[in-house]
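Peer 1: Turn this into a structure:
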Amino acid sequence: MNEPTLRPATLDDAALASDLMTAAYPELPEDPVLTRYRWEHPRAGWSHGRFIAELQGTPIAFVEWNHGPWEQSPEHNCYVGVLLDRARLAPDLLASLWTRVASAAEADGARIFEAYAVEDEPEVLEALRLLGYEHDRTEKVWELDLATHGERLLEEARLARAKAMEKDVELTTLAKWTEPDSLRKLHGLFEATRLDIPSTYPVLPETYENFVERVNGPDRAHDRIWVAVSGGDPVAASYLRFPPVRGKVWTGYTCSHPEHRGRGLARAIKLQTLAQAIELGVPTVLTDNDSQNAPMLHINEQLGYDRRPGFVSLLKRVDR
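Peer 2: Next comes the predicted model:
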């Protein structure tokens, strides 16, 4: 086998990287505008390594590692990724690239590697197994056909909105919410509820500045971020991510404040995002949830989502 070369990826490689990610799993295209925006706005204190793998001068894969501040991650866990063009899949090539990205991450201090693959990527899963990676969690992915379920969802959204109003809860968009501290309050809600997401390792905090960058991203307009407001405070929120160039529309996040759970607000606010997507002519919406996130999985089933291949996370500890 000819050994591929790895060259550092620059900001100008963002479009190429997104093309390679798309070639690795065409069913879920990667948007070049979003890729560049993420690279331009890294999270504070996070470290990254990004590479373009080339074989005889031809780009064949995007390879990366990233991790949060080590002081916030006592076990030094680090994401590692190899997005190899599906047309190039070969066991020896996969093994080479995964080994090299892990070595680069270890050189930066990583002690636990976190890798991901889709459930219907047997070649990638087998390559990781042979390298000593073990299954950690499964993130279920669901797809909702808005053409099939549109009429029902629009009616459910209307009823949910009326029911919320009876409880003095307003379902509105971030663009229409005139609270002066709206972004800071929304950041507080997101930070409090992210801690409830099932995870093997601590969910690292996001600074307010990074949150503002993310909420102003090119895939989420403020008139498409929905908030349930009670007494001037956000008690639930949900939004969809709309890729500007290519890709699927995904649920970005749905949450409900711990003190307001059991009132149906997460479902109600999610319904508003789906009703808006129907009105915009979106054909389908995808969402993903950890297999242990029972409340959201229940909501997905109620709304009519269908299962599709999910994401598998795998771990490998560095031998000392």
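
Peer 1: other SSEs contacting the helix or strand containing E191?
Peer 2: If you go by DSSP states H and E, E191 is part of helix 182-194. Secondary-structure packing of helix 182-194 (3 or more Cβ pairs under 8 Å, 6 or more residues apart in numbering; DSSP states H and E): helix 208-215, strand 233-241, strand 250-256. Quick note: C-beta positions are derived from backbone N, CA and C, even for glycine.

Peer 1: from the ones you listed, which stretch is densest packed?
Peer 2: strand 233-241 (a mean of 24; mean count of other Cβ atoms under 10 Å).

Peer 1: where do the strands sit along the stretch 51-200 of the chain?
Peer 2: Listed in chain order, the strands of the stretch 51-200 of the chain (DSSP state E, counting those that start in this stretch) span 58-67, 77-84, 112-118, 134-145, 170-173.

Peer 1: tell me the most buried of the ones you listed?
Peer 2: Neighbour counts (mean count of other Cβ under 10 Å) averaged over each of the strands of the stretch 51-200 of the chain peak at strand 77-84, with a mean of 23.

Peer 1: related to what we said a few turns ago, list the buried ones in the helix holding E191?
Peer 2: 182-183, 185-190, 193 (16 or more other Cβ atoms under 10 Å).

Peer 1: picking up where we left off before, can you tell me which of the strands of the stretch 51-200 of the chain the model trusts least?
Peer 2: Of all the strands of the stretch 51-200 of the chain, mean pLDDT reaches its minimum on strand 134-145 (a mean of 95).

Peer 1: what angle separates that one from strand 112-118?
Peer 2: 40 degrees (axes from the mean of the first three to the mean of the last three Cα atoms, to 10 degrees).

Peer 1: Can you name every helix or strand that the worst-scoring helix or strand of the chain on mean pLDDT contacts?
Peer 2: Least confident element among the helices and strands of the chain, by mean pLDDT, DSSP states H and E: helix 294-303 (a mean of 78). Here helix 294-303 touches strand 134-145, helix 146-166, helix 265-280, strand 284-290, going by 3+ Cβ pairs under 8 Å, 6+ apart.

Peer 1: Return it as PDB; C-alpha atoms alone will do.
Peer 2: In PDB, the C-alpha atoms belonging to helix 294-303 read as follows (Å, rounded to 0.1, in the frame of the first residue of the first chain):
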ATOM      1  CA  ALA A 294     -35.800   8.300  27.100                       C
ATOM      2  CA  PRO A 295     -37.900  11.600  27.200                       C
ATOM      3  CA  MET A 296     -36.800  12.800  23.800                       C
ATOM      4  CA  LEU A 297     -37.000   9.300  22.300                       C
ATOM      5  CA  HIS A 298     -40.600   9.200  23.500                       C
ATOM      6  CA  ILE A 299     -41.400  12.600  21.900                       C
ATOM      7  CA  ASN A 300     -39.800  11.400  18.600                       C
ATOM      8  CA  GLU A 301     -42.000   8.300  18.500                       C
ATOM      9  CA  GLN A 302     -45.100  10.300  19.300                       C
ATOM     10  CA  LEU A 303     -44.400  12.800  16.500                       C
END
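
Peer 1: That one to strand 134-145, inter-axis angle?
Peer 2: Relative orientation of helix 294-303 versus strand 134-145 (the same axes, to 10 degrees): 30 degrees.

Peer 1: export stretch 227-237 as CSV, just CAs?
Peer 2: Only the C-alpha atoms of stretch 227-237 are listed here, as CSV (Å, rounded to 0.1, in the frame of the first residue of the first chain):
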residue,chain,number,x,y,z
VAL,A,227,-38.5,29.8,22.9
ALA,A,228,-41.2,29.2,25.5
VAL,A,229,-41.3,32.2,27.8
SER,A,230,-42.9,32.3,31.3
GLY,A,231,-42.5,35.3,33.6
GLY,A,232,-39.9,36.8,31.3
ASP,A,233,-37.7,33.8,31.4
PRO,A,234,-37.1,31.0,28.8
VAL,A,235,-38.4,27.7,30.1
ALA,A,236,-38.0,25.6,27.0
ALA,A,237,-36.4,26.1,23.6
